[in-house]
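Participant: just a sequence and a predicted model for now, questions to come.
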Amino acid sequence: MPLADVDRRLLDRCLKHEHGAWHEFVDRYAGLIYHVIQHVGHARSLIFSVEDMEDLAAEVFKRIVEHDYAVLRRFQGKSSLPTYLAVIARRVCIRAVVQRQREAELGHSTAHRASIEDFPYEVEPTLPADEVERLLRLLSDRDAEVVRMYHLKQMTYRQIGQRLSIPESSVGPILSKARRKLRQAARRDQD
């Protein structure tokens, strides 16, 4: 898809540091960034607080402006600008989520715990690695491998499909079915 004229002009204005261009850019693409963050949370079975969403969006925008808009300067126009930004936002968001999960596992995470307590939905606890492996053994070999590739190796649907020789469009349904089965097994174990 060719770069739309409005996107090309806004991109050029940002790269030239024109007054007001960055604010226009944020206004134009903030909704897209928030949508990507919500999608990442949903895909990883995470519930983000409002503060978490704002922090992740700020991280995405910070990454865009770093090093004199290096991310925007690398844009080659092989896709639409919104598509390019969605990919950037997804990568930044996944890295941030993985980093936070690692910090939480090490006991270093203190961010927004109060907001989680006030959140109206149940948040599932993190399980020890041996318990996760035990639960994964309840899945078929292929389904367990898809879960490992997506959640532990941060591979994309396309990469998983190629590696396992399955259609990319079947990865999402496999993950949904596997997550449902794992949640049910975990609940049975708690009862």
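Facilitator: Now that the structure is in, tell me what you want to look at.

Participant: any idea how this structure splits into domains?
Facilitator: With domains defined by automatic domain parsing, the chain comprises 5-118, 129-190.

Participant: ok, residue 43 to residue 168 distance?
Facilitator: 14 Å (C-beta to C-beta, to the nearest Å). For every residue, glycine as well, the C-beta is placed using N, CA and C.

Participant: of the two, who's got more company?
Facilitator: residue 43 (17 against 13; other C-beta atoms under 10 Å).

Participant: contacting residues for the more buried one?
Facilitator: Residues in contact with residue 43 (C-beta atoms under 8 Å, 6 or more residues apart in numbering) are residue 175.

Participant: give me the distance between the residue nearest the centre of the chain and residue 56.
Facilitator: Most central residue of the chain, judged by C-alpha distance to the mean C-alpha position with C-alpha atoms, centre = their mean, is residue 40 at 3.3 Å. Per C-beta to C-beta, residue 40 is found 8 Å from residue 56.

Participant: which residues are in contact with both of the two?
Facilitator: 93, 97.

Participant: before we move on, back to that, same list (the domains of the chain) but as CSV, adding mean pLDDT.
Facilitator: Formatted as CSV, these follow (pLDDT from 0 to 100):
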stretch, mean pLDDT
domain 5-118, 84
domain 129-190, 81
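
Participant: for residue 154, which three-state class applies?
Facilitator: coil (DSSP: H, G, I helix; E, B strand; the rest coil).

Participant: ok, now how distant is it from residue 31?
Facilitator: Distance from residue 154 to residue 31, by C-beta to C-beta: 25 Å.

Participant: just residue 61 next, same as before
Facilitator: Taking C-beta to C-beta, one finds residue 61 at 13 Å from residue 31.

Participant: give me the more crowded residue out of the two.
Facilitator: residue 61 (18 against 9).

Participant: quick check: closest non-adjacent residue to the more buried one.
Facilitator: Using C-beta to C-beta, 6 or more residues apart in numbering and skipping residues adjacent in sequence, the residue nearest residue 61 is residue 26, 6.5 Å away.

Participant: and for the one you found, the neighbour number?
Facilitator: Using other C-beta under 10 Å: residue 26 sits among 14 other residues.

Participant: where do the helices sit along this structure?
Facilitator: 5-15, 21-43, 50-73, 81-105, 113-118, 129-136, 141-147, 157-164, 171-190 (DSSP state H).

Participant: angle of the longest one against helix 5-15?
Facilitator: Right, the one you point to is helix 81-105. 60 degrees (axes from the mean of the first three to the mean of the last three C-alpha atoms, to 10 degrees).

Participant: give the other helices and strands that helix 81-105 contacts.
Facilitator: helix 5-15, helix 21-43, helix 50-73 (3 or more C-beta pairs under 8 Å, 6 or more residues apart in numbering; DSSP states H and E).

Participant: between it and helix 21-43, how big is the angle?
Facilitator: 60 degrees.

Participant: can I assume residue 150 is in contact with residue 172?
Facilitator: No - contact criterion C-beta atoms under 8 Å: residue 150 and residue 172 do not qualify, at 9.5 Å.
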